[in-house]
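Undergrad: All I have is the shape, not the residue letters:
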């Protein structure tokens, strides 16, 4: 070394002078190579997503892949927790971006820039006519004058409309103040004050009932203010169903000058914003025209996006291909069918269940947390909220085990009935092994309704000064008092029940009299003597001697009973004849009122 410079064997510094420019050249080339690297744009990434093949391959080992550019629900799938990697891939189904054009349209949505003046319902109807589909729906109503983001779901995607309608919204609006304010700060403070849960009543001109309700405004801020025109531009992030017109009126009241909304535009609905592939009505019309005339699907695929894009904010559960169709038929989401699951899953959280190709099967409510899923080997992971995929997209894979296959063969051979239960020709070996769980369950005793005991009613005694007619009225009133108001429809039933009660009363009276006779008691002695005296008087008046009593006491009692029975029958027949008439109803009401007045006295 000479003076700090590297030297050759002879000590000359020429080697260092020669190496120095070479080092500079090498470094500059490295910098040039770094600068020459191209960054893929959004359009390039979209083209690669459409052209490439994306699905989770069954592997015996964990592989590290850069999946940040994978489309839709398969993005960063390698960061999901792996429960198992062993499953049998099926050829059914396809990547959402590679569906056939008819299925692609039927399972897609449009992020539409709604024009001013037509209503949301009209716009959705126009889309349905342009695309020639049967069913369309939108993510939340916009007033006719309001523009901006309106998510239009097509056919199968309409199953996600409710979840999109309840998603949060963002707006940019213009407020006009009626009078000038001191400074711009007052307006910004008023907007910041009106955040959180607020009471709102819809405006006079509204499509909903004007009922006081609570809506949450998450954040609001002022963007710009023009003091000369008294116009302010503001941004609001709020809950679905919030009226921005009402918010502007409240801001004017807080400032004390009054205010109203001048203009409004929705810039975000759920996960879709105005920068996320928003298209106009003309774009949709042109894309359909290109497909009809030139069979060019490219424009339609850019205008319409798969429904899976609306579910990218949900936590994911990846299922085996053999369990997909069972879930479409409403089967429970069991843990053995889960391949991968995401971090941060909580109980009662809404999750999306997907296939290995990234297709959405259903939206479900989680019943296990991530920690429980990682430690358990059985159980129900989630309950289905809404099935999205059509049935039989994947083949049926249940009932293919050895026992189920044997059972199907025996049903075909007639050894089991059509429900798979044993019959007369079933082998004894099968009967011994077969356990009917439904028959082994003990039936609980069923409560038998007990009929109430019939009470024997006795007629009221005559009061002093009452005639026989009043006594009959009381009897009629007592007959109908237990049955409430009299109805013509139930008249026949009431008459039958009253006749049965009267017959039971007579039987009871007859038994009591027979017991008295057996005991030697003459209870009706006085009555018999009175009757004999009356008969003697009648005989004297007729001009002759009174006939002798040839009938014994018992025979007279029997006659009295028969006469009473005849009276009862006559009364019942008269009631049945007159019950349907209006006059009898009026009489009964009068009698009832009279009896009530007497009781009160």
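TA: That came in fine, so what should we check first? In this text, all values refer to a predicted model and were calculated from it rather than measured experimentally.
Undergrad: Now do the strands in the stretch 351-500 of the chain.
TA: Assignment of strands within the stretch 351-500 of the chain using DSSP state E, counting those that start in this stretch yields the ranges 360-366, 380-387.
Undergrad: Just send the ones you listed back as CSV, with mean neighbour count too.
TA: Backbone N, C-alpha and C define where each C-beta goes, glycine included. CSV is the format used below for these (neighbours: other CB atoms under 10 Å):
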stretch, mean neighbour count
strand 360-366, 22
strand 380-387, 17
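Undergrad: With distance to residue 374 and mean pLDDT added, can I get those strands in a markdown table?
TA: A markdown table is the format used below for these (distance: least, CB to CB, whole Å; pLDDT from 0 to 100):
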| stretch | distance to residue 374 | mean pLDDT |
| --- | --- | --- |
| strand 360-366 | 14 | 94 |
| strand 380-387 | 12 | 94 |
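Undergrad: tell me the contacts of residue 319?
TA: 327, 333, 337-339, 353-355, 361 (CB atoms under 8 Å, 6 or more residues apart in numbering).
Undergrad: And the strands in the stretch 1-150 of the chain, which stretches?
TA: 81-82, 108-114, 136-138, 147-154.
Undergrad: okay, these in CSV with mean pLDDT next?
TA: What follows is the strands of the stretch 1-150 of the chain, written out as CSV (pLDDT from 0 to 100):
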stretch, mean pLDDT
strand 81-82, 90
strand 108-114, 94
strand 136-138, 91
strand 147-154, 93
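Undergrad: Switch these over to a markdown table, and while doing so, append mean neighbour count and distance to residue 124 to every line.
TA: Below are the strands of the stretch 1-150 of the chain laid out as a markdown table (neighbours: other CB atoms under 10 Å; distance: least, CB to CB, whole Å):
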| stretch | mean neighbour count | distance to residue 124 |
| --- | --- | --- |
| strand 81-82 | 13 | 40 |
| strand 108-114 | 25 | 9 |
| strand 136-138 | 22 | 5 |
| strand 147-154 | 24 | 6 |
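Undergrad: For residue 162, which of those strands is the nearest?
TA: strand 136-138 (9.2 Å; CB to CB).
Undergrad: Tell me how many other residues surround residue 126.
TA: 16 (other CB atoms under 10 Å).
Undergrad: about what we covered before: which members of the contacts of residue 319 occur in helices, if any?
TA: Among the contacts of residue 319, the members found in helices (DSSP state H) are residue 327.
Undergrad: and which of the contacts of residue 319 is nearest residue 173?
TA: Closest to residue 173, out of all of the contacts of residue 319 and judged by CB to CB, is residue 354, at 37.5 Å.
Undergrad: check contacts around the closest one.
TA: Counting by CB under 8 Å, 6+ apart, residue 354 has contacts 73, 308, 316-319, 360-361.
Undergrad: Please name the bridge partners of it.
TA: residue 318, residue 360 (DSSP bridges).
Undergrad: Next, format the strands of the stretch 1-150 of the chain as CSV and append distance to residue 377.
TA: Formatted as CSV, the strands of the stretch 1-150 of the chain follow (distance: least, CB to CB, whole Å):
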stretch, distance to residue 377
strand 81-82, 15
strand 108-114, 38
strand 136-138, 41
strand 147-154, 38
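Undergrad: Looking at the ones you listed, which is nearest to residue 295?
TA: Short answer: strand 108-114, nearest of the strands of the stretch 1-150 of the chain by CB to CB, at 18.3 Å.
Undergrad: just to revisit the earlier point, of all the strands of the stretch 1-150 of the chain, which lies closest to residue 415?
TA: strand 81-82 (44.4 Å).
Undergrad: Quickly run through the sheet partners of that closest one, with directions.
TA: Here, using DSSP bridges, strand 81-82 pairs with strand 338-341 (antiparallel).
Undergrad: Can you pull out the residues in contact with the partner strand?
TA: Contacts of strand 338-341 (CB under 8 Å, 6+ apart): 56, 77, 80-85, 87, 316-320, 356, 370, 373, 381.
Undergrad: Please produce a ChimeraX select command covering the buried subset of the residues you listed.
TA: For the buried members of the contacts of strand 338-341, the matching ChimeraX selection, counting by 16 or more other CB atoms under 10 Å, is:
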select :56,77,80,83,87,316,317,318,319,320,356,370,373,381
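Undergrad: Tell me the pLDDT of the spatially closest residue to residue 309 that is not a sequence neighbour.
TA: When the adjacent residues along the chain are set aside, residue 309 lies closest to residue 72, with 5.9 Å between them (CB to CB, 6 or more residues apart in numbering). pLDDT recorded at residue 72 is 87.
Undergrad: burial measure for residue 72, as a count.
TA: Counted with other CB under 10 Å, residue 72 comes out at 22.
Undergrad: contacting residues for it?
TA: 96-97, 306, 308-309, 312, 358.
Undergrad: can you name the two of these that are farthest apart?
TA: Taking CB to CB, no two of these sit farther apart than 97 and 312, at 13.6 Å.
Undergrad: re earlier: closest one to residue 135 out of the contacts of residue 72, please.
TA: Nearest to residue 135, judged by CB to CB, of the contacts of residue 72 is residue 306 at 16.9 Å.
Undergrad: quick one: the closest one from residue 357, how far?
TA: Distance, residue 306 to residue 357, by CB to CB, to the nearest Å: 12 Å.
Undergrad: The two: which is more packed in?
TA: Set residue 306 next to residue 357 and count neighbours by other CB under 10 Å: residue 306 wins out with 25 against 21.
Undergrad: what's the spacing between the closest residue to the more buried one other than its chain neighbours and residue 556?
TA: The shortest distance from residue 306 to any non-neighbouring residue, by CB to CB, 6+ apart, is to residue 96 (3.8 Å). Separation of residue 96 from residue 556 (CB to CB) stands at 103 Å.
Undergrad: Who has more neighbours out of those two?
TA: Taking other CB under 10 Å, residue 96 and residue 556 do not tie; residue 96 has more neighbours (26 against 16).
Undergrad: got the contact list for that one?
TA: Applying CB under 8 Å, 6+ apart, the residues near residue 96 are 71-72, 107, 306-308, 357-359.
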